[in-house]
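*Asks:* Here's a sequence, model it:
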Amino acid sequence: GPVRLCRACATPEDEDHRMLVCARCKHARYCNAQCQKSDWKRHKGECAEPEKGRNLDTKGTHNATNAFVQRYVKEIQHDLRKLSEPRRGKGASMRDVLLSLDFQAGAREGKYDLREMKELFSRRWLPGFCTDPLLTREQMETNVAALLKQVEGITQTLTEEMLLVIVHDMGGGVAVFRMQ
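*Replies:* Numbers count the residues shown, from 1 in each chain. Presented below is the predicted three-dimensional model:
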């Protein structure tokens, strides 16, 4: 399943440490009451009671991602063509590329990262939520290891027409999935 991170400090949830969940929206997750209080100014503008019967964690993230891609499809296609142009003999195929969206830091304004997968595996590039300056080195390593594990599992099922998508959602969860 998705790796859940504290929305304020990005500490990952694990079996020994369950996150607190916003009582109103049931989506934002926090390590403790102090983290929740420190994030309230940012969170209150988007906090709303969930629609009845709606699965916010998975369905909401997929819907937001699909809406984003539809809205910015021309820009994304342009950047995909640039990445796949032959450079030094070979360009990247779709299955070698990942799209990273961070709905906590800019995706609402059309910001995204389109990268070659090898940049992630070599750690030349990491999504911003993995390298937040508020994290300790140990927290960063934990986040990166969890992300790489998810990505490795999905890359084995990618076809040439599929794109890997990494999404950091508004509740602090990280989802990794395929998109055609």
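
*Asks:* what comes into contact with the lengthiest helix in the chain?
*Replies:* In the chain, with assignment by DSSP state H, the single longest helix is helix 137-155. Identification of contacts with helix 137-155 by Cβ atoms under 8 Å, 6 or more residues apart in numbering yields 2-3, 5, 9-12, 95, 98, 117, 120-121, 123, 126-127, 129-132, 135, 164, 166, 174, 176-178. (Each C-beta comes from the backbone N, C-alpha and C, glycine too.)

*Asks:* For Cys22, give its distance to Glu161.
*Replies:* Per Cβ to Cβ, to the nearest Å, Cys22 is found 38 Å from Glu161.

*Asks:* Looking at these two, which one has more neighbours?
*Replies:* Cys22 (18 against 11; other Cβ atoms under 10 Å).

*Asks:* List the buried residues for the helix or strand containing Trp40?
*Replies:* Using DSSP states H and E, Trp40 sits within helix 33-43. Of all the residues in helix 33-43, those buried under the rule 16 or more other Cβ atoms under 10 Å are 35-36, 39, 43.

*Asks:* For the helix or strand that it is followed by, could you pull out the residues that count as buried?
*Replies:* Next helix or strand after helix 33-43 toward the C-terminus (DSSP H and E): helix 61-71. Neighbour counts using 16+ other Cβ under 10 Å place 61-62, 64-65, 68-69 of helix 61-71 among the buried residues.

*Asks:* With just CA atoms, put helix 61-71 into PDB.
*Replies:* The C-alpha coordinates for helix 61-71 follow below in PDB (Å, rounded to 0.1, in the frame of the first residue of the first chain):
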ATOM      1  CA  THR A  61      -5.500  10.400  -5.500                       C
ATOM      2  CA  HIS A  62      -6.100   8.600  -8.800                       C
ATOM      3  CA  ASN A  63      -8.800  11.100  -9.700                       C
ATOM      4  CA  ALA A  64      -6.700  14.100  -8.900                       C
ATOM      5  CA  THR A  65      -3.800  12.700 -10.900                       C
ATOM      6  CA  ASN A  66      -6.000  11.900 -13.900                       C
ATOM      7  CA  ALA A  67      -7.500  15.400 -13.800                       C
ATOM      8  CA  PHE A  68      -4.000  16.900 -13.600                       C
ATOM      9  CA  VAL A  69      -2.700  14.900 -16.500                       C
ATOM     10  CA  GLN A  70      -5.800  15.800 -18.600                       C
ATOM     11  CA  ARG A  71      -5.400  19.500 -17.800                       C
END
